[in-house]
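In: Quick one: sequence and predicted model below, then my questions.
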Amino acid sequence: MSQTLETLIAAERRAQRPLLRRAALYAALVAASSVVLLGLSGWFITAAAFAGAAGTLAAQAFNYMLPSAGIRLLAIVRTGARYGERLAAHEAAFGALARIRPALFRAIAAAPVGKALALSTGEATARMIGDVDAIETRFVRLSAPWGVAAALASGLCLTVLGGALAALSTVACLAALLLTARALSRRLEAPGRAVQTAAGALREEFAQAIEAAPELRCFGLESWAADRIDARSRTLAAAQRAQANVAGWFELLQALSIALAASAAALLSAPAGAEIAALAALAAAMTLDGAAPLLRGQIDRGKMREAAARLDMLLAVSRPERATAMPSDTPVLTFHQPAPCRVAPGERLALTGPSGAGKTMLVETLIGLRPAQPNQITLDGIDLAAIPLPALRRCFAWVPQDAMLLSGTIRENLMLANSETADAALWDALRDAVLDDRVRALDRGLDTWIGENGARLSGGERRRLALARAYCTPAPWLLLDEPSEGLDAVTEAILANRLHSRLDRTGQGLILVTHRPKLGALCPRVLAIEPDRVNAPARLVA
Amino acid sequence: MNAITSSPALARARTRWLKGVAADGGRARGSTSLLLLDTGAAIGFATGLAGAVEAVPSIGAMLPWAALMALSGGARGTFAMLATRVGAAGAEHAKLRLRRRIVATSLHRAPGSTATTGTLMNAAVDEVDAIDGYVARFLPARQAGAVAPFLVLAATALASPVAAGILFATLVPFILVMALAGGAAADVSRQQFLALSRLSGRFADRIRALPVVLAFGAEDREAAALGRAADDLARRTMRVLRVAFVSSGALEFFAALSVALVAVYCGFNLLHLLPFPVPEQLDLGRALFVLALAPEFYAPMRRLAAAYHDKQSAETAAERLAALEGERQSPVATVPLPRAAPGIVFDAVTIRYPGEDTAAVSHFSLDIAPGETVALLGPSGSGKSSLLHLLLRLAPLSEGAVRVGGIALAETGGVATIAAWVGQSPLIIAGSIRENLLLACPKASPQDLTRVIHAAGLGPMLARRPLGLDSPIDARGGGLSGGERRRIALARALLKSAPLLLLDEPTAHLDAQAEARLIATICRARAGCTTLIATHSERLAAIANRVIRLGETA
């Protein structure tokens, strides 16, 4: 099932409909009350002037209560409605974002493995923050057209008092404003994209220079690199300036259209009298002013499109899941390449070979982090490629070579493997990984924060925590990639013993990559993988 | 560690720093004048409107006033547009200068700097860009905001001192409310910023650890947890906004109130119905003028409020950038190193990056004879690269001593002058292969080039290309294999004829055959040099005179 950003946003628009409706209603109220407030004030003052000039009697007879109360009421309504609009629109936007963010994560996780793992953290975060922010702006702006409509409706009601021509001129001014803004926003798209491209080029040049710091220093190229970055920086600044210049036209456009609408309305409604002329002029001005939120949206259109396009790229790559074959709960594992080797449930097999021979690659293939070759490996006789990834991954409890921990607490790391593990089972797993004493000595025990990728632990501790994590899931096979690297001999011996009795207890099978004899001794069988000749048969040492 | 505390001293330092940066965008001040002219044009518009309505019903008499209205409108737009342009130009200037400073700092950062490529990139690109809105919009809006309301007030006072008094009176409670709400909003918005960066941190972390998340089938659970975190962020944000919108609501309210009060006052004055005596009697023209001008009184403050976000992001950026600039390496007086293969002594060396709990290297001792090849072997994170970086002063010497050719490392200012470097991702620029080689030594003769091309084993690769040395390559090294890139770096190193070769994982990510060929080349190329190789390849290590195993301790 492939989803696009548009379907996602459409679904959220449905979900947030009550809030969005409220925001639209408030936006309309704001615009209408602004128009009526100024129109009424103009009329009130002009009418009052005439009544005042006509003598005390006329002044006494002038109904000032209603308009002056109306003016105060409108002022309060406008303020309240603006507050309400902002709250409702933002609440809708954040509600939507809170679902769009996890949807993006799901999309990334469901992408074909190669693509998902190629996404750099920096890039992913940039999209999650910058681009998702653009969506937020889009949600907040959804009420803008309603404001324009309400401004137009109330503006028409007022200006039509000055005659059809006055009303028509206001409509014409608004239409001209919106059409010109549309054309301008098209012109903004090119500079908008230029900014994105230039920013990307700057980032690349900068990253290259930083990563090549030792080379730059050795060859005395630091100022050379700074100059190259500066050139990119200038290109970006020029693009940003071009963008600001086009945005400046919006300011001119709006101010000019307001003045034109006001003077045209005043002139055309003059036959209806000064009160109505004042009312029409001010109402026309405010009608045009009501389009301001929509114009701001137009300025950002290029940026939003760019953001949407990038998010769409993330969402579009969902994986067609055709595999349906299911292995049993305790499957038989058979390697066909690099060497034929059948491993029965509960058996223990060591993978050996010099570094670079492809042992880790094989492990990652088993766990479905690399695509398997056809007929390379089977589970219960089913080709690996034909097994749905979730089912395949349930068969193995994996300890990666570089531990790979979450930045979180020890408990969070263990529960990643199995969210329903009781505390007792967590401590069991830590004990078998020879880490229980260390964790018990920590101030906050299982709830100790271990830093980014376990930075507060030593290398050996990180590996043992990864091992304990694997112990938390009841998969039929343990899949350990160099779990005892960096351990001292005593700890390694304890770890090997406890692993042995754990396997006896659980009946789990073991696939072990190791160079170290002590752990290797756990495995009666060895699959030796030869480097260089990836397709050549490997030796099976019985 | 509390990222949201902001002591007054810190705030002052930040303001000083920002002032220095903004001074580079001097032209932005022109933007302020333009904003003041905009207010002047608004006064013209109000005059035109009042005149036109007074002239009703004579269209002939109305026309000049209507023209004034339209012209003032055009002028307002033009001034606003120019203000945008001038502001952007000034900001461009300030940004370019600041970015040059930050790039220079990044390239010469002190060895102890904890900044990663990611944070440096953020600083040089995004945080420098955050200065844009501050210089282009906030500063002009603030300067104009201090003057423009009083221009409006003065113009109003000419027509009606009492109306001006009313406007002024609404200002006092407005400032009180803004100060209260603004302070609260700044606090919560800092917390909000923290919450957002936690959420993005969590997202980045789960992307980094995606392989294990997938392997344990935890993607749905993690997505749900992210959703909860995002929901939590949404709730927090709404709390922030409720407060933040109160301040903009206050602005709105007082703006609307001032219009309403002025309108009602003018109306009653015109009707002679005011319940209290006033020293003025308005006519229609003056009343309308005052009414049309009333919203302009608050307009500069609304502009300032709209640019407030720019100020906050600039201040956040300023804190980080100022801290980063503090990490710049101070140049040291250096003793020149002789251009001969040096002996290197590491004596109980500890490398500890600031803020790290564990040292990257601790109490490491090694005595390397001139011309010797030493391989540092160990898993990633065991401090191999840190030792090489230490020699170039890219990593801090926390304890112990290093002597190169008998001279203390600190006195030499690093070994850069006599060293050549080959890493796992060599610097490749868009240009010809020749240009890429000549980076190391622009004045190298063709004979020199031929010699190093042969020595680095680039011959067969150049022979395959019709343009040979002048074959173009793009910045991603398009068309070059991993091995070929390392060979280019190796040739560069040889071109410098440096007596010290530093090789950092030169064979990483190569297939076995390519690795074997490159090892043979390195083996020939290192003749006469002191060579230090950081690697986890046993095969590469085998060419060394000595192999030092850097293990981890459990």
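Out: That came through fine.
In: Name the helix or strand for residue B:347, please.
Out: According to DSSP states H and E, residue B:347 maps onto strand B:344-351.
In: Buried residues in that strand, which are they?
Out: B:344, B:345, B:346, B:349, B:350, B:351 (16 or more other Cβ atoms under 10 Å in any protein chain shown). Any C-beta I mention is one placed from the backbone N, CA and C, and that applies to glycine too.
In: Can you list the helices and strands that it packs against?
Out: strand B:361-368, helix B:384-391, strand B:399-404 (3 or more Cβ pairs under 8 Å, 6 or more residues apart in numbering or on different chains; DSSP states H and E).
In: now check stretch B:401-415, is it near chain A?
Out: Yes: part of stretch B:401-415 sits near chain A under the criterion Cβ under 8 Å from any Cβ of the partner chain, namely residue B:414.
In: Distance from that stretch to the middle of the chain?
Out: 34 Å (Cα atoms, centre = their mean, to the nearest Å).
In: Would you map out the domains in chain A?
Out: A:5-316, A:333-541 (the TED database).
In: winner for burial among the ones you listed?
Out: domain A:5-316 (a mean of 21; mean count of other Cβ atoms under 10 Å in any protein chain shown).
In: just the helices in the stretch 201-350 of chain B please.
Out: B:210-215, B:219-271, B:284-306, B:308-325 (DSSP state H, counting those that start in this stretch).
In: Out of those, which gets the lowest mean score?
Out: Note on the helices of the stretch 201-350 of chain B: lowest mean pLDDT is at helix B:308-325, with a mean of 80.
In: Quick one: closest of the domains of chain A to chain B.
Out: Nearest to chain B among these is domain A:5-316; the distance by Cβ to the nearest Cβ comes to 1.8 Å.
In: Quick one: end-to-end length of the closest one, please.
Out: 9 Å (Cα to Cα, to the nearest Å).
In: so how far is it from its chain's centroid?
Out: Chain-centre distance of domain A:5-316: 23 Å, with Cα atoms, centre = their mean.
In: pLDDT of that domain, averaged?
Out: Here the average pLDDT along domain A:5-316 is 87.
In: wait, which of the buried residues of strand B:344-351 is closest to residue A:391?
Out: Nearest to residue A:391 among these: residue B:351, at 46.5 Å, using Cβ to Cβ.
In: The closest one pairs with what?
Out: For residue B:351, the beta-bridge partners under DSSP bridges are residue B:361.
In: quick one, what contacts it?
Out: B:359, B:360, B:361, B:362, B:383, B:386, B:387, B:390, B:395, B:396, B:397, B:398 (Cβ atoms under 8 Å, 6 or more residues apart in numbering or on different chains).
In: Kindly report the same for residue A:74.
Out: With Cβ under 8 Å, 6+ apart, residue A:74 has these contacts: A:33, A:36, A:37, A:40, B:256, B:260.
In: one more time with 7 Å
Out: A:33, A:36, A:37, A:40 (Cβ atoms under 7 Å, 6 or more residues apart in numbering or on different chains).
In: Chain B next: which of these are close?
Out: residue A:37 (Cβ under 7 Å from any Cβ of the partner chain).
In: Among the contacts of residue A:74, which lie within strands?
Out: Judged by DSSP state E, the contacts of residue A:74 include no members of strands.
In: check which helix or strand covers residue A:262.
Out: Counting by DSSP H and E, residue A:262 is found in helix A:222-268.
In: Let me see the contact set for the closest residue to residue A:447 other than its chain neighbours.
Out: The shortest distance from residue A:447 to any residue other than its chain neighbours is 4.9 Å, reached at residue A:409 (Cβ to Cβ, 6 or more residues apart in numbering or on different chains). Residues in contact with residue A:409 (Cβ under 7 Å, 6+ apart) are A:446, A:447, A:448, A:449, A:450.
In: What backbone torsions are found at the second one?
Out: Reported as degrees, to the nearest 10, the phi and psi values for residue A:447 are phi -100, psi 20.
In: That one against residue A:413, yeah?
Out: No: using Cβ atoms under 7 Å, residue A:447 makes no contact with residue A:413, being 11.3 Å away.
In: returning to that earlier point: can you tell me which of the helices and strands packed on strand B:344-351 is most buried?
Out: helix B:384-391 (a mean of 24).
In: what about stretch A:284-304 and chain B, any contact?
Out: No: Stretch A:284-304 stays out of contact with chain B when judged by Cβ under 7 Å from any Cβ, the minimum separation being 8.4 Å.
In: Name the residues that touch that stretch?
Out: Here stretch A:284-304 has contacts from A:31, A:34-35, A:38, A:134, A:137-138, A:141, A:144-145, A:147-148, A:151-152, A:155, A:159, A:170, A:173-174, A:177-178, A:181-182, A:185, A:188-189, A:192-193, A:247, A:250, A:254, A:257-258, A:261-262, A:265, using Cβ under 7 Å, 6+ apart.
In: which one of the contacts of residue B:351 sits closest to residue A:227?
Out: residue B:395 (26.1 Å).
In: which residue packs closest to the closest one, ignoring adjacent ones?
Out: residue B:389 (3.9 Å).
In: What of residue B:467?
Out: residue B:432 (7.7 Å).
In: next helix or strand past the helix or strand where residue B:39 lies?
Out: Following DSSP H and E, one finds residue B:39 within helix B:28-55. Note on helix B:28-55: by DSSP H and E, the next helix or strand toward the C-terminus is helix B:59-107.
In: From the contact counts, what lies against that following helix?
Out: Applying 3 or more Cβ pairs under 7 Å, 6 or more residues apart in numbering or on different chains; DSSP states H and E, we find helix B:59-107 packed against helix A:222-268, helix B:8-23, helix B:28-55, helix B:128-133, helix B:308-325.
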